[in-house]
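Enquirer: Got a sequence here, can you model it:
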Amino acid sequence: MLVAAAVCLCPPLLVPEVAAGAASEMDAARSACADALGVLAAARPDLLVVVGPAERSGRGPFLQGTPGSFRGFGVDLEVRLGPATDTVPEGELPPSLAVGAWLLGRTGWADAPIEGLGVGEALEPERCIEAGREIGARAGRVALLVMGDASACRTLKAPGYLDERAAPFDAEVARALGTADVAAVKALDARLAYELKASGRAPWQVLAGAAEDTDLTGALLYEDAPYGVGYVVATWS
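Expert: Predicted coordinates for the structure are as follows:
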């Protein structure tokens, strides 16, 4: 059963070495993510699953110890999903899970076995929800670290340019995630999310599936749109 979840943003710019001279602009977001991971640790799960958007070649699942890196972003920095194991698993983490692994590495997480799951951004809501149900049934106490961003269309300089639908979409995402509104997260419009380049839609709906039949409450820790991209940090516990 799902006992806790942390929803975090996943831009590589969250990693100071990638952001370089602009690293301080993400300080508040990093702090909020650290607080969210504290909620996961306090829940003392039997299993932690890190879920994030991924292209077809990087969907996993990924075993504990799977490596990742930020070399694709010009930085020679490597990470690993949780503590190292006796054998290095095959494959490499997609960027969203590499950011999640970096966040976990900052906290020295070693309290429970860790796995990773990449979710295709176009995956239908029903399949996301079913995947979440399966994860929730994996152990007596399951925690999720859910990586994903809201729209990328909040300003003229945003990656997706300005779209007037972006701000209302992001506001509903922040409300739903901040209140652990399972029904509202399930109801997020997949087509609209795709058009707004909201990479978090599918991972959030995996969370909604895992949270069915639980009585978790939500807390919104951070909401902003630097660079024209909507970022949200929330906890369910």
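Enquirer: And Ala110, what's its pLDDT?
Expert: pLDDT recorded at Ala110 is 69.
Enquirer: Counting by contacts, list what the longest helix belonging to the chain packs against.
Expert: Criterion DSSP state H: the longest helix present in the chain is helix 27-42. Judged by 3 or more Cβ pairs under 8 Å, 6 or more residues apart in numbering; DSSP states H and E, the packing partners of helix 27-42 are strand 2-8, helix 95-107, strand 142-147, strand 218-224, strand 231-236. Any C-beta I mention is one placed from the backbone N, CA and C, and that applies to glycine too.
Enquirer: I'd like to know which of those is closest to Leu63.
Expert: With Cβ to Cβ as the criterion, Leu63 lies closest to helix 95-107 of those, at 11.8 Å.
Enquirer: what comes into contact with the next helix or strand after the closest one?
Expert: Next in sequence after helix 95-107, counting helices and strands by DSSP states H and E, comes strand 114-119. Strand 114-119 is contacted from outside by 47-55, 58-64, 66, 81-83, 93-94, 96-97, 100-101, 104, 128, 131, 135, 202-203, 206, using Cβ atoms under 8 Å, 6 or more residues apart in numbering.
Enquirer: what inclination does strand 114-119 have with respect to strand 142-147?
Expert: 50 degrees (axes from the mean of the first three to the mean of the last three Cα atoms, to 10 degrees).
Enquirer: Pull the CA coordinates from strand 114-119 and hand them back as CSV.
Expert: Extracted C-alpha coordinates of strand 114-119, given in CSV (Å, rounded to 0.1, in the frame of the first residue of the first chain):
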residue,chain,number,x,y,z
ILE,A,114,14.9,1.4,-4.5
GLU,A,115,13.6,0.8,-8.1
GLY,A,116,13.0,3.2,-11.0
LEU,A,117,10.3,3.3,-13.6
GLY,A,118,10.3,5.5,-16.7
VAL,A,119,6.9,6.3,-18.1
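Enquirer: Bridging across strands, which residues link to the residue lying closest to Arg138 once chain neighbours are set aside?
Expert: Leaving aside its sequence neighbours, Arg138 sits nearest to Leu47 (Cβ to Cβ, 6 or more residues apart in numbering; 5.7 Å). Note on Leu47: beta-bridge partners by DSSP bridges are Val142.
Enquirer: For Leu47, give its distance to Ala4.
Expert: According to Cβ to Cβ, to the nearest Å, Leu47 and Ala4 sit 11 Å apart.
Enquirer: Those two - which one has more neighbours?
Expert: Shown here are Leu47 and Ala4; by other Cβ atoms under 10 Å, Ala4 has more neighbours (23 against 16).
Enquirer: and the longest helix of the chain, how far out from the chain's middle?
Expert: 12 Å (Cα atoms, centre = their mean, to the nearest Å).
Enquirer: For it, list the C-alpha coordinates in PDB.
Expert: Extracted as PDB, the C-alpha positions of helix 27-42 are listed here (Å, rounded to 0.1, in the frame of the first residue of the first chain):
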ATOM      1  CA  ASP A  27      17.700  27.100  -4.500                       C
ATOM      2  CA  ALA A  28      14.100  27.300  -3.300                       C
ATOM      3  CA  ALA A  29      13.100  24.400  -5.500                       C
ATOM      4  CA  ARG A  30      16.000  22.300  -4.200                       C
ATOM      5  CA  SER A  31      15.100  23.100  -0.600                       C
ATOM      6  CA  ALA A  32      11.500  22.100  -1.200                       C
ATOM      7  CA  CYS A  33      12.600  18.800  -2.800                       C
ATOM      8  CA  ALA A  34      14.800  18.100   0.200                       C
ATOM      9  CA  ASP A  35      11.800  18.700   2.500                       C
ATOM     10  CA  ALA A  36       9.600  16.400   0.400                       C
ATOM     11  CA  LEU A  37      12.200  13.600   0.600                       C
ATOM     12  CA  GLY A  38      12.200  14.000   4.300                       C
ATOM     13  CA  VAL A  39       8.500  13.000   4.300                       C
ATOM     14  CA  LEU A  40       9.400   9.800   2.400                       C
ATOM     15  CA  ALA A  41      12.100   8.900   4.900                       C
ATOM     16  CA  ALA A  42       9.800   9.500   7.800                       C
END
